[in-house]
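In: Predicted structure and sequence below. I'll ask about it afterward.
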2 protein chains.
Amino acid sequence: MKQTIKTTVKRAPKRGFYDSETIYKILDAHFICQIAFIYEGYPVIIPTIYGRSENEIYIHGASVSRMILNLEKGLPISINVTQTDGIVLARSAFHHSLNYQSVTIFGEAVLVTSDDDRYKALEIISNQIIPDRWEEVRLPNDKEMKATKILKIAITEASAKIRTGPPIDDKPDYDLPIWAGVLPINTSYSAPIADAVLDKNIPLPESVKKLIENKG
Amino acid sequence: MKQTIKTTVKRAPKRGFYDSETIYKILDAHFICQIAFIYEGYPVIIPTIYGRSENEIYIHGASVSRMILNLEKGLPISINVTQTDGIVLARSAFHHSLNYQSVTIFGEAVLVTSDDDRYKALEIISNQIIPDRWEEVRLPNDKEMKATKILKIAITEASAKIRTGPPIDDKPDYDLPIWAGVLPINTSYSAPIADAVLDKNIPLPESVKKLIENKG
């Protein structure tokens, strides 16, 4: 990834990463991003789901949504995905920190127009959240496709910022009798809750079973 | 909270909430927000920690950080906090959704200037992440206070957006033999990892024990 003025990590530059592998890995572990754009002179942030494929991020929304109607104009946007891995407890208040993995992308959205590409993009977004769920469901019909717009954003101006490891205290503070370390934060799935009106004979689908196995 | 054009939830308006109680509850369950501001004509998003006290959000950063130097000018900003509670699996691809709780605030930051207020604000941010940790650590010295700036943002233009409950499918789809329901997402803490160089006789502090008890 070409490092630019926008993407260069200024605070704690050692935490900055610019290779696609690192950026993709963080993006692929998540499905919610925050998108910022400028609307009537002020910044707007909207959380939304996304899917990554190759060097593109896909997002979707109702054809009439304010976010989509603005973004399809090709406004400059910024996207952030952040995962918090742990609270870093230092001996001093000042050196408390977080372990995290974060990606920021600058760019602009382009409307996906061909029917094939639009359908494929929805599958990509679906797979980002629950791999293979697309094979199990009633797929979008014409009316639903018309009600939906899909945008793609090239991952060309992007950076990751990552902190890992123990607290780093000032030398004299290491002698203080104060506990220091990391409190890890985990995200997991708990037992699925079937829709109350679901036929009891319909078993839990493979897609959900696999998701729980991987991150239950 | 006064509803404004900016804060009114347009998509799925039934999911919009404008009362302080709902907004505070979501803010208080978290400590990371995304802040957007406009820099040289494009939007920038930065994830950062915050603390809420009364009707204010406090954030902090290095005195020389680009975010702080820009925000202290009183630029328009937007803040978002989003918690994902579950994946909502419908019978149709189209009606898949997420259960979530999200808060968006519009406003501008004001530099906190008095020494007392600055110190108090750092304690508020610290308490947001680990209540009572402030009582256990080596507190900020003059040099550290000088290296830190604190901004506050009034929670006057804000809204929450919340989705809960099962999938809502189109009527005919309820007859399809497709599993539908909610896959809950949880965030929890796992066993603390003591700093490798920590004196083994220093016990886990009360603050961490309490945090794990509440959300372990």
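Out: Sure thing, it's come through.
In: pLDDT weak spots in chain A?
Out: Scanning chain A for pLDDT under 70 picks out A:216.
In: could you pull out the helices for it?
Out: Using DSSP state H, the helices found in chain A span residues A:20-28, A:66-71, A:115-129, A:142-146, A:206-215.
In: what's the closest of these to chain B?
Out: helix A:142-146 (4.3 Å; Cβ to the nearest Cβ). All C-beta atoms are positioned from the backbone trio N, CA, C, and that covers glycine.
In: The closest one and chain B, any residue contact?
Out: Yes - against chain B, helix A:142-146 shows contacts by Cβ under 8 Å from any Cβ of the partner chain at A:Glu144.
In: Looking only at that helix, what residues are buried by neighbour count?
Out: Using 16 or more other Cβ atoms under 10 Å in any protein chain shown as the test for burial, helix A:142-146 gives A:Glu144, A:Met145.
In: Same question for stretch A:102-120.
Out: A:Ser102, A:Val103, A:Thr104, A:Ile105, A:Phe106, A:Gly107, A:Glu108, A:Ala109, A:Val112, A:Arg118.
In: and the helices of chain A as CSV, adding distance to B:Tyr39?
Out: Putting the helices of chain A into CSV (distance: least, Cβ to Cβ, whole Å) gives the following:
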stretch, distance to B:Tyr39
helix A:20-28, 21
helix A:66-71, 19
helix A:115-129, 29
helix A:142-146, 37
helix A:206-215, 36
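In: so what's the closest residue in space to A:Ala191 that isn't next to it in sequence up against?
Out: Closest residue to A:Ala191 apart from its sequence neighbours, by Cβ to Cβ, 6 or more residues apart in numbering or on different chains: B:Pro184 at 7.5 Å. The contact partners of B:Pro184, by Cβ atoms under 8 Å, 6 or more residues apart in numbering or on different chains, come to A:Tyr189, A:Ser190, A:Ala191, A:Pro192, A:Ile193, B:Asp85, B:Gly86.
In: and if you look at A:Trp179?
Out: If a contact means Cβ under 8 Å, 6+ apart, then A:Trp179 has A:Leu89, B:Glu136, B:Ala194, B:Leu198, B:Ile202, B:Pro203, B:Leu204, B:Pro205, B:Val208 as its contacts.
In: repeat that for 10 Å
Out: Contacts for A:Trp179 (Cβ atoms under 10 Å, 6 or more residues apart in numbering or on different chains) come out as A:89-91, B:133, B:136-137, B:192, B:194-195, B:198-199, B:202-208.
In: Generate a ChimeraX selection restricted to the buried subset of the contacts of B:Pro184.
Out: Selection of the buried residues among the contacts of B:Pro184 in ChimeraX, burial being defined by 16+ other Cβ under 10 Å:
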select /A:189,192 /B:85,86
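In: is it true that A:Ala29 touches A:Ala160?
Out: No - A:Ala29 is not in contact with A:Ala160 according to Cβ atoms under 10 Å; the separation is 11.7 Å.
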